[in-house]
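A.B. asks: have a look at this prediction, sequence included:
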Amino acid sequence: MIPRFIVAAAFAVYPFCADAQRASEDTSAEPLEAPQSAASPGQATIAPSFALKQPDATLRSPDQINATSLWRAPQRALPPFRPTMGTAAYLAAKAAAERSPRASRPEISQPLAPPLLKLSIEGVNQITAGGAFPPDTEGATGINHFVEVTNSHVDIYLKSNGLRVKSISLASFMGYFTQGLFDPRAVYDSAWNRWVITADAFPESATVQRYFIAVSTSPDPTGSFFVYNVNTTGFAGTNNFYDFPMVGMDQDAVLFTANIFSPSAYLGPRLFAVAKARLYNGLGFSVPVFNPGSSFGTLAPSIVLDQDANTYIASARTSGNTLQLFTLRNSSNAFGATLSAAANVPVTAYTVPSPGIQPAGGSANRLDSGDSRFVNAGTQNGGFVWQAHSIELGGAAVRWYKINAVNNTIAMSSTLFQAINSSDFNASIAANAFGDVYLTWTSSSPSVNPQVIFDGERSGNFPPTRGTVLFTSSAALTGNFDPNFGLQRWGDYSAVTVDPTNALRAGLVNEKVNSASVWGSRIGLIGF
C-alpha cells in the first residue's frame, strides 16, 4: 500500500502545467481545422474480454533504482520476430516481394525546407545494453531530457548538450531480476509532465508473464518512479506470449496494447487503458481489457494532443487495401469505457516489404524489414490521425498517412525512399498541434550502409521523397543473424516525438551499425 502522504503530494503537482504547453515559436501558425461531422454514436462496440485488477504500484526512489546499477541482464536471445500472419506466411510474403517485378518508383523529390538537425547524440550500443539484438530503439523527448530505452537498457541524455546523465539496465530500473526484459517503450505526457516507461519480461511459467509500467513522479526521469508489476497471463491466456506492446495516451488515460500468441498461432491484439489520475499517483486500478479478435493486426494507439472525446487506435494488416480504425470512448472510466468495432479506411493496396539490401550482399546479410504493421504510436489531433508503415514499392519503402478519423478517409499520403534502389523501413511519425510532421526511418542499398534518416514538412505540405541523413553506418550488419527467417535482425521499431517545450522541435532515435556484429543507436534533435 502506498503511504497516503505520497499520494497527497503527487496530487499536489498534478494540476495542468501551462509552461509545458507553451505555444509554437511560429506565431503565425494556426491550429488545424477539425472535420465538421461527429462520430456516429450508434457504431457497434466490442465487449470487454477481461477485467484487469492491479494493486498499488511500488515507489522506487533514485537510490533504490541505482542500488543495483551494476547488475547486468542475462545475455540470452530475444524472442524471434512474431508476424501476425504466421511464420510460414511471412516467409512466403517476403519471398513473393523479392520475386515480384520491381515496381517503378516515382521521380525522387528533394527536400525544400526540411527540419534541420539541432543536435546529434551517440546512443547506447549492443555491448553496453547487454548483448541482445535487435535493439528495439525507442525514446521520448521531455522538458530537459531525452530518454532512450532499448533491449535491455535505459539511457538518459540532456537536451542542451547531449550529455548522458544516466545509464542503467532495464532490470535495475524496474527492480526485477527473475527474467530478461525486452520490448521497451517510453512516452512523455506534456500536459501532466510525467514519463511512462514500459517493458515486457520473458515468461516465468505458463501462468506468469510480467509487464512493467513505470511512471515518474516528476518531469525529471532521473528521479523516483511508481512501478506496476502486471501479470498478463490473466487476460493473455495460460502459456501464451504477450508481445510487441505499445503505449499511447489521451487527455484522461494512458493506453496499452500488445499482440498475443499461443505456442502455435496468433490470437489477436489486446487493449486496456488506465486513468492518469490513478496511474500517476501509483494507485491500484481495475479496468476492462478488449480483444478485437485474431483477424486484426497490431493495434497502434496515438498520442492525443486535443480533448477529443474519441480516442482512435489504428491498425494495418500485413497486406490489403484498407487500414482499420477503432474508437475508444470514456477511456478513463473503468466501468463505462467502450471500444467500437473497426472501421475500414480505404488506401492504395500494399504488401509486406522485401528485406533490406545492404552492401554486404548475400541472402544471409539482408535486413529484416518487418511486416506492414504500424511500429509505434501515432499522433491524433483535430479529428485526424498520423501514422506510417513499411510497404513494398520497388523494394521496401515508407508510406505515411494523415487519416480523417471522422469519415474514415485519407486526407494526405505519400511514399518515401532515398533512392531508386534503396530499402526504406522501420518508420515512425509524429505531428504537432499545427499539423507539422516529423519522421524517421532506416535506409540502406547495395552501395550504402544502413542510415538513420529524418524528414518532415510544415502543415499541409507533403514531405519530400528523400529525407535528410542523420547518420551513415561505417559497416554493414552481418553478425545479428536470425535463423528463423535467414535475415539480420533489425529494429523492431524506431521513435520520434514532439518536443514539449517547442512544437517546432522533435527528438528521434533509430538503429545504426557500430561494427559488423554490434548494433548502435543514434539520437537526433531536429526542428524547423
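C.D. replies: It's in. Residues are numbered from 1 along each chain as shown.
A.B. asks: which residue is nearest the middle of the chain?
C.D. replies: By Cα atoms, centre = their mean, the chain has its centre lying nearest to Asn376, at 2.6 Å.
A.B. asks: quick one: contacts for Val375?
C.D. replies: By Cβ atoms under 8 Å, 6 or more residues apart in numbering, Val375 lies in contact with 300, 389, 426-428, 491-494. All C-beta atoms are positioned from the backbone trio N, CA, C, and that covers glycine.
A.B. asks: please enumerate the helices of the stretch 51-200 of the chain.
C.D. replies: 62-66, 87-99, 126-129, 170-174 (DSSP state H, counting those that start in this stretch).
A.B. asks: other SSEs contacting the third one?
C.D. replies: When contacts are defined as 3 or more Cβ pairs under 8 Å, 6 or more residues apart in numbering; DSSP states H and E, helix 126-129 sits against strand 518-527.
A.B. asks: using CSV, write down the CA coordinates of the strand it packs on.
C.D. replies: Extracted as CSV, the C-alpha positions of strand 518-527 are listed here (Å, rounded to 0.1, in the frame of the first residue of the first chain):
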residue,chain,number,x,y,z
VAL,A,518,27.4,-4.7,-32.9
TRP,A,519,24.3,-2.6,-33.3
GLY,A,520,24.4,1.0,-32.2
SER,A,521,21.8,3.8,-32.0
ARG,A,522,21.7,7.5,-32.9
ILE,A,523,19.6,10.2,-31.4
GLY,A,524,18.7,13.4,-33.2
LEU,A,525,17.1,16.6,-32.1
ILE,A,526,15.6,18.3,-35.1
GLY,A,527,13.4,21.3,-35.8
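A.B. asks: neighbouring strands - and their directions - for that strand?
C.D. replies: Here strand 518-527 is paired, per DSSP bridges, with strand 116-122 (antiparallel), strand 505-515 (antiparallel).
A.B. asks: now do the buried residues in it.
C.D. replies: By 16 or more other Cβ atoms under 10 Å, the buried positions in strand 518-527 come out as 518-527.
A.B. asks: so which of those residues comes closest to Asn344?
C.D. replies: Nearest to Asn344 among the buried residues of strand 518-527: Ile526, at 34.0 Å, using Cβ to Cβ.
A.B. asks: for that closest one, name its beta-bridge partners.
C.D. replies: Beta-bridge partners of Ile526, as defined by DSSP bridges: Leu117, Ala506.
A.B. asks: before we move on, the earlier item: which residues are in contact with the nearest residue to the residue nearest to the centre of the chain once chain neighbours are set aside?
C.D. replies: Distances taken as Cβ to Cβ, 6 or more residues apart in numbering place Ser428 nearest to Asn376, at 4.4 Å, with adjacent residues excluded. If a contact means Cβ under 8 Å, 6+ apart, then Ser428 has 375-376, 388, 439-441, 493-496, 508 as its contacts.
A.B. asks: Serialize the helices of the stretch 51-200 of the chain to a markdown table and add fields for distance to Phe272, mean pLDDT and mean neighbour count.
C.D. replies: A markdown table is the format used below for the helices of the stretch 51-200 of the chain (distance: least, Cβ to Cβ, whole Å; pLDDT from 0 to 100; neighbours: other Cβ atoms under 10 Å):
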| stretch | distance to Phe272 | mean pLDDT | mean neighbour count |
| --- | --- | --- | --- |
| helix 62-66 | 26 | 95 | 15 |
| helix 87-99 | 27 | 90 | 15 |
| helix 126-129 | 29 | 95 | 20 |
| helix 170-174 | 19 | 96 | 25 |
